[in-house]
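Engineer: just to be clear, the model below is a prediction. Sequence and coordinates:
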Protein chains: 2
Amino acid sequence: MSSEEKIQNDKRAHILDVAEYLFAQQGFEAVSIREISKAADINIAMVSYYFGSKEKLYEAVVTRKLISSELILHYIERYNCSTDKLFAIVDLLTDKFFEHRNMQTIIFREMAMEQRTAMAELIANQLHQNFTIINDVIQKGIKQKEFKKVDVELTVMTIIGIVKIYTTSSPVVCKVLKTEDKELMFSKQYKLRLKKYLKELLTNHLGIK
Amino acid sequence: MSSEEKIQNDKRAHILDVAEYLFAQQGFEAVSIREISKAADINIAMVSYYFGSKEKLYEAVVTRKLISSELILHYIERYNCSTDKLFAIVDLLTDKFFEHRNMQTIIFREMAMEQRTAMAELIANQLHQNFTIINDVIQKGIKQKEFKKVDVELTVMTIIGIVKIYTTSSPVVCKVLKTEDKELMFSKQYKLRLKKYLKELLTNHLGIK
DNA sequence: GTCTATATATGGATAGAC
DNA sequence: GTCTATCCATATATAGAC
């Protein structure tokens, strides 16, 4: 990569970062290109220049941080028993959601929409793949008597649901946790607390010894 | 109430119903007054006439269906042990969220926003009150050795989180449950399934005998 | 109460100069 | 690549007729 290409990529990435933040905070329609370009300290015309349109910018923001099912599969293949695999998934999901919580907020909002846009379809499929992996891990654990019998689909929903709620509803969760500080909520300490909680919950629920 | 007042209230309620549906589907900014009035089969000017502005219509949509903490308290006071109280809350929340899922979707989106509007504050406070009630029930159950020690705040978040995810992310949850039919997802049968699952999860997690 | 017409604002996108 | 100026579409809100 030449140094000029690098500068260009940096600028692109910078626009994406700013746009991600604003879209997460306010939603797609509520944010104007004017606002994004002002916050990113670039000219309005540059958004069209780099991305073509507001819609395509939005797509770029979401797609660059989707959690691929390959990543999950690669991450858990080193473990043998279902418990280790499941706990590894909990760690991975929590890490990724904490790291990409703005993008997750956007996805969440998009999931709640009933409009079948191309991107909504893309997101739904991607999420479904991830659901399927977790589903299979739990299913196998039950078959091998490592876990007791549970409602597998709703258990999968529980894992993802808790991490999602925690990371994407921060104003309310802040109050629940009795911390005024949003930074604290996303600190290492609190991430550990969430992981520990999830593993205890699953241990009890699945009857893991 | 005179019969004319009743007609007027019916019309108001009808506008609110239509607006709620559209706001839930697309978000506040994405829906125009034109669209609402067309869908509700009224004249555009009527929205301003009845509600003053689009913003105030939005507020009216949300506030009319907020779950008051009084309702929860009244609903659980008839029970003595913490387990019964907690299970009653599960039933009540599930029923209310199923019934008012469109409004819940709107609230959820608003919760993810970081903007401190008057309504966001109102919603956060209301939710916090409900959280507190559940928190107290679990806390008391632990003190009386009815439940084992758990992370109470995250347990509260779990209960509300699961019901919220289920009711407000239907496109994805549909896929997870392997039902193409959205109607089925909100049928009596599936509501019972969710309640049963939540009670089992809590039974295992809290060590209820 | 209901409607039409309109004032006014704002947003996305781009043509064309540099 | 960057910027200004502008076109065009669409939105909210309301004045005023009926």
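Structural biologist: In hand now; what should we look at?

Engineer: use CA for all of it now, contacts and neighbours both
Structural biologist: Will do.

Engineer: next, count neighbours for the residue nearest to residue A:30 when sequence neighbours are not counted.
Structural biologist: The spatially closest residue to residue A:30, leaving aside those adjacent along the chain, is residue B:29, at 5.9 Å (Cα to Cα, 6 or more residues apart in numbering or on different chains). Other residues lying near residue B:29 total 15 when counted by other Cα atoms under 10 Å in any protein chain shown.

Engineer: next: the one 3 residues further on.
Structural biologist: Counted with other Cα under 10 Å, the burial measure for residue B:32 works out to 15 neighbours.

Engineer: for it, phi and psi?
Structural biologist: Per-residue torsions, residue B:32: phi -100, psi 160 (degrees, to the nearest 10).

Engineer: that older thread, and the residue nearest to residue A:30, backbone torsions?
Structural biologist: Per degrees, to the nearest 10, the backbone of residue B:29 is at phi -70, psi -30.

Engineer: look up how far DNA strand C lies from it.
Structural biologist: Counting by Cα to the nearest atom of the strand, to the nearest Å, the gap between residue B:29 and DNA strand C amounts to 10 Å.

Engineer: didn't that residue look like it was pressed against residue A:26?
Structural biologist: No. Residue B:29 lies out of contact with residue A:26 (Cα atoms under 8 Å); the separation is 9.7 Å.

Engineer: which residues are common contacts for the two?
Structural biologist: Common neighbours of residue B:29 and residue A:26, using Cα atoms under 8 Å, 6 or more residues apart in numbering or on different chains, do not exist here.

Engineer: residue ranges with poor pLDDT in chain A?
Structural biologist: For chain A, the stretches with pLDDT under 70 are A:1-2, A:4.

Engineer: hmm, 80 instead?
Structural biologist: Applying pLDDT under 80 to chain A picks out residues A:1-8, A:115-116.

Engineer: near DNA strand C, which residues of chain A show up?
Structural biologist: Residues of chain A lying near DNA strand C by Cα under 7 Å from any atom of the strand: A:29, A:31, A:32, A:33, A:34, A:44, A:45, A:48, A:52, A:53, A:54, A:55.

Engineer: could you identify the most distant pair in these?
Structural biologist: A:29 and A:45 (18.4 Å; Cα to Cα).

Engineer: list the helices and strands the longest helix along chain A packs on?
Structural biologist: Assignment by DSSP state H gives helix A:118-143 as the longest helix of chain A. Counting contacts by 3 or more Cα pairs under 8 Å, 6 or more residues apart in numbering or on different chains; DSSP states H and E, helix A:118-143 packs against helix A:69-76, helix A:82-99, helix A:101-112, helix A:152-168, helix B:170-176.
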